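# coords please:
(one chain, ligands or ions: 1)
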Amino acid sequence: MVNKIYMMNFKSVSDSALLEKTKTLVQEERKLTTSVLWHLHEIQKRRLYAEQGFQSLFDYCVRGLNYSEAAAGRRIAAMRLLVDVPEAEPLLEAGAISLSTLSTIQGFVQRKDAPTSKAEKMELVAALQGKSRRECEQHLVALGPEAARPADRERVISPTETEIRFVADDALMEKLKRIRELDAHVNSDPSYLDLFHRLADLALKKLDPEKRIERKSTPPAESPQIPEAPSTNPRYVPAAVKGLVWKRDQGCCTYRTPEGRRCSSRFALEIDHIKPLAHGGLSTPENLRLLCRAHNRQQALAKLGPEVMRPYLV
Ligand SMILES: [Zn+2]
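Model prediction:
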C-alpha cells in the first residue's frame with residue numbers, strides 16, 4: 001500500500017526534486033540512527049531489556065526490535081564507541097563516518113590486549129573518516145594484526161546447516177591434532193564436523209546438568225552413591241536440589257514479564273533464591289528457580305536495592 005502511494009506520487013516528481021528529497025531523507029535517516037544509538041544506551045543503563053524479558057541488549061534489539069543479528073551487533077558496538085567518543089556524533093550525523101566503521105573500530109578496540117585511551121579512539125575515528133570497509137580493515141591490520149582479524153562469522157546456508165568461520169590459533173590446532181590421535185579408535189579420519197560433534201558431546205556430558213542427572217539416576221550397581229555431607233554454608237545448594245530445580249524449570253530462565261512472556265534463555269543460568277538468603281530465604285526447591293544472569297541481577301537489584309548490589313554490577 002505504501003509503495004503504491006509513493007509510485008503514484010513519483011509520477012509528478014521531477015528528477016531534481018527526487019534527488020533532493022532522497023538526500024534529505026538520508027540525512028534524516030542518519031539523525032534517527034544516531035538518536036536510536038543514544039536510546040539504546042539509556043535502555044542499557046536502566047537495564048530495561050531485562051525488565052522486558054530479554055537476556056541482553058542484543059537479544060532485545062533482535063527479538064524486541066526485529067533487527068537482524070548483524071544490524072543489532074553493529075548498532076550496539078557503534079553505541080559503545082559513541083559513549084566513549086561523543087565527538088563522533090556530528091560525524092555520524094553528517095555521514096562523514098558510517099555506523100559500520102564505528103562498529104569496526106569498537107570491535108578492534110575490544111579485541112586489543114592493551115586498553116585504548118579516548119585520544120587513541122578519537123584518532124582512529126579521524127583516520128577512518130570517509131574510508132571504505134576495505135580501507136578501514138587495511139588501516140587496522142597495520143596497527144594490530146591480531147585485533148584486526150575479522151570477527152567470527154555464522155551464516156545459515158540451508159534450513160538445517162550453518163557455516164561457521166573463525167580463525168584457529170596454533171594452540172587450538174595442536175589440541176585438535178592431539179584429540180584426533182587420542183580418539184583414533186573411535187574415528188580414524190574425522191572431518192571437522194565429526195570432530196566438533198565429538199567435542200560437543202564430551203563437553204555436554206560434563207557441563208549439562210540434565211545429562212548429569214541422567215547419569216546419576218542410573219548408577220552402576222557396584223558403585224553406590226555416597227550421600228553428600230551436609231554443609232553449614234547457607235548459600236550451599238545440594239546437587240540433588242539443583243538437579244530438581246533444573247529439571248522442573250526445564251533448563252531455562254523462568255523470568256516472566258508482567259504480561260506473562262517467559263525469557264526462556266538457556267545462557268549462563270544461575271540458581272536464584274526467590275526470597276533472598278539475606279531476608280531469611282531457604283535453599284529449598286520451592287524457594288529456588290533458574291534465572292539467566294541478566295534476570296538474576298535484575299531481580300537482585302529489585303529485591304536488595306542498588307546499594308547492596310553496586311559492588312556486583314559492572
Ligand atoms: Zn532471563
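# ok, residue 121 to the ion distance?
Residue 121 is 32 Å from the ion, where distance means Cβ to the ion, to the nearest Å. Glycine gets a C-beta too; all of them are placed from N, C-alpha and C.
# no no, residue 124
35 Å.
# what of residue 157?
For residue 157 relative to the ion (Cβ to the ion), the value is 30 Å.
# now swap in residue 299 and tell me
In terms of Cβ to the ion, residue 299 sits 9 Å off from the ion.
# please name the residues that touch that residue.
Residue 299 makes contact with 255, 272, 291, according to Cβ atoms under 8 Å, 6 or more residues apart in numbering.
# any idea which of those residues has the most stuff around it?
residue 291 (27 neighbours; other Cβ atoms under 10 Å).
# what segments of the stretch 101-250 of the chain are strands?
In the stretch 101-250 of the chain, the strands defined using DSSP state E, counting those that start in this stretch lie at 153-158, 161-165.
# save the ones you listed as JSON lines, and put in mean neighbour count too.
JSON lines is the format used below for the strands of the stretch 101-250 of the chain (neighbours: other Cβ atoms under 10 Å):
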{"stretch": "strand 153-158", "mean neighbour count": "9"}
{"stretch": "strand 161-165", "mean neighbour count": "10"}
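# show me how the record splits this protein into domains.
The chain breaks down into these domains under automatic domain parsing: 2-148, 168-207, 239-312.
# out of those, flag the one nearest residue 161.
Nearest of the domains of the chain to residue 161, taken as Cβ to Cβ: domain 168-207 at 9.7 Å.
# re the thing from before, of the strands of the stretch 101-250 of the chain, which shows the lowest average pLDDT?
Lowest mean pLDDT within the strands of the stretch 101-250 of the chain: strand 153-158, at a mean of 77.
# and the nearest residue to residue 49 once chain neighbours are set aside, what pLDDT?
Setting aside the residues directly before and after it, residue 49 is nearest to residue 60 in space (Cβ to Cβ, 6 or more residues apart in numbering), at 3.7 Å. We have a pLDDT of 96 for residue 60.
# can you get me a residue count around residue 38?
By other Cβ under 10 Å, neighbour count at residue 38 equals 14.
# from residue 82, how far off is it?
Distance of residue 38 to residue 82, given as Cβ to Cβ, to the nearest Å: 8 Å.
# check residue 271 too.
Relative to residue 82, and taking Cβ to Cβ, residue 271 is found at 37 Å.
# which one's more surrounded, the two?
Between residue 271 and residue 82, counted using other Cβ under 10 Å, the more crowded position is residue 82 (22 against 17).
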